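Trainee: show me how the following folds:
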Amino acid sequence: MGRGAAVSEDPLPGHSGRISTMYETIEPQVMTQRYERAHVWGIDCVERLTWRGWEPGGSYVRTVTLKNVGKKALKVKYRLPTTKYFEMEFPETMKIQPGLSATVDVTFRPIRFEQYDDFIEFKVAGCGSFQVKVSAVLPFISLKMPPTVDFGYGAVNELMTKDFSFVNDGDVAVAYKWAVDSPFVFSPLQGELQPGESAHVHAEFTPIDATVNVVNAVCALSDRSGHNLPERSYACAVTAVGKYPYVRFSEPEVDFGEVIVGRSVEQTVKLMNQSLVGTSYEVARGADDHDHVFRCTGKGGYLKQKSPCGTA
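Mentor: This is a model prediction of the structure:
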């Protein structure tokens, strides 16, 4: 007998507890929650068994473990699932002593590639009954990524970069392809991901004017497992604000006064960035129609937002 790829106690994201198929059974209206069973009756077990990664014609076994967490012995008996696709041994009363466990095997034998749902009813003598859902779900495509990629403020004509990652949290291998509008650039734009595998995106933004930029980046996923699952797309907002930097000198002019011929005199002037964005700067001679008696040691650099920079 084979075994499926994973076991889960919770429903799939985006799926309700009730899915209509030709194999659906009618579930009882009231189902005792796990913590209530343990607290009131002294018996603990999962609320759901889920089969994933199965194929029609296979045989897949899962086990329900019943643990007595109370202070007295319990007598437990189960009722077989209604459908023939979930098989169990003929039910017999199990006596479980405090602190001990009993196990029950459930065999799933699918015949078609579609979802199956049923439940097992357990009766605890002197307490009542509860149900454990059993379901076999179809593989699905799913992507986990940040809802927003925010660059914040950026200086006009200055390159900004940001990296983020996304994860294939579905059941199948997928090919992905990104689409994003300018002024944003993503790389790489496409690739493939196995289930559980992550990939990184390097995003770039170069504002061309002082505007607010908001676009949707769309990642299209296509099935690479051979199950011919429909393509799915996921979107995240990419935001940035372009701003013009405001840079000035700490003094309107530099006056060396009277200087003896042949001597060198230095003064320091500060370049101040009073804007919300960092910016690059370059110091260059404005005119070249006289002798080069003035010299500046600082040729350029980068000014962070709201910061001074000293240059001689």
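
Trainee: pLDDT weak spots in the stretch 51-200 of the chain?
Mentor: Within the stretch 51-200 of the chain, not a single segment meets pLDDT under 70.

Trainee: ok, which stretches of it are strands?
Mentor: Here the stretch 51-200 of the chain has its strands, by DSSP state E, counting those that start in this stretch, at 60-68, 74-79, 86-87, 94-96, 101-108, 116-124, 128-136, 143-144, 148-155, 160-168, 174-179, 184-187, 190-193, 198-205.

Trainee: and those strands as a markdown table, adding mean neighbour count and distance to Val238?
Mentor: Any C-beta I mention is one placed from the backbone N, CA and C, and that applies to glycine too. A markdown table is the format used below for those (neighbours: other Cβ atoms under 10 Å; distance: least, Cβ to Cβ, whole Å):
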| stretch | mean neighbour count | distance to Val238 |
| --- | --- | --- |
| strand 60-68 | 17 | 43 |
| strand 74-79 | 18 | 53 |
| strand 86-87 | 20 | 46 |
| strand 94-96 | 15 | 56 |
| strand 101-108 | 16 | 44 |
| strand 116-124 | 22 | 40 |
| strand 128-136 | 20 | 38 |
| strand 143-144 | 16 | 16 |
| strand 148-155 | 17 | 5 |
| strand 160-168 | 15 | 9 |
| strand 174-179 | 18 | 11 |
| strand 184-187 | 16 | 5 |
| strand 190-193 | 15 | 17 |
| strand 198-205 | 16 | 7 |
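
Trainee: between the ones you listed, which one is closest to Val254.
Mentor: Nearest to Val254, of all the strands of the stretch 51-200 of the chain, is strand 148-155, at 26.0 Å by Cβ to Cβ.

Trainee: next, His39: phi, psi?
Mentor: Per-residue torsions, His39: phi -80, psi -40 (degrees, to the nearest 10).

Trainee: how near is it to Gln33?
Mentor: Here His39 is placed at a distance of 10 Å from Gln33 (Cβ to Cβ, to the nearest Å).

Trainee: likewise His227?
Mentor: Taken as Cβ to Cβ, the span from His227 to Gln33 is 34 Å.

Trainee: what does Gln190 give?
Mentor: The value you get for Gln190 to Gln33, if Cβ to Cβ is used, is 45 Å.

Trainee: and if you look at Ser165?
Mentor: From Ser165 across to Gln33, the span is 36 Å (Cβ to Cβ).

Trainee: I'd like to know which of the strands of the stretch 51-200 of the chain lies nearest to Tyr244.
Mentor: So among those, strand 148-155 is nearest, using Cβ to Cβ, at 7.3 Å.

Trainee: can I get the closest one as CSV, trimmed to CA atoms?
Mentor: Output of strand 148-155 as CSV, limited to C-alpha atoms (Å, rounded to 0.1, in the frame of the first residue of the first chain):
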residue,chain,number,x,y,z
THR,A,148,2.6,45.5,-1.5
VAL,A,149,6.2,46.4,-2.6
ASP,A,150,6.8,50.0,-1.4
PHE,A,151,9.9,51.9,-2.5
GLY,A,152,9.0,54.9,-0.5
TYR,A,153,10.4,58.3,-1.6
GLY,A,154,13.0,58.4,-4.4
ALA,A,155,14.9,61.3,-6.0
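
Trainee: each with direction, which strands does that strand pair with?
Mentor: With DSSP bridges as the test, strand 148-155 is paired with strand 232-243 (parallel).

Trainee: His227 and Gln33 - which one has more neighbours?
Mentor: More neighbours surround His227 than the other of His227 and Gln33, with 14 against 10 (other Cβ atoms under 10 Å).

Trainee: which residues touch the more buried one?
Mentor: With contact set as Cβ atoms under 8 Å, 6 or more residues apart in numbering, His227 has these partners: 113, 138-139, 172.

Trainee: out of those, which are buried?
Mentor: When the contacts of His227 are checked for burial by 16 or more other Cβ atoms under 10 Å, the buried set is 138-139, 172.
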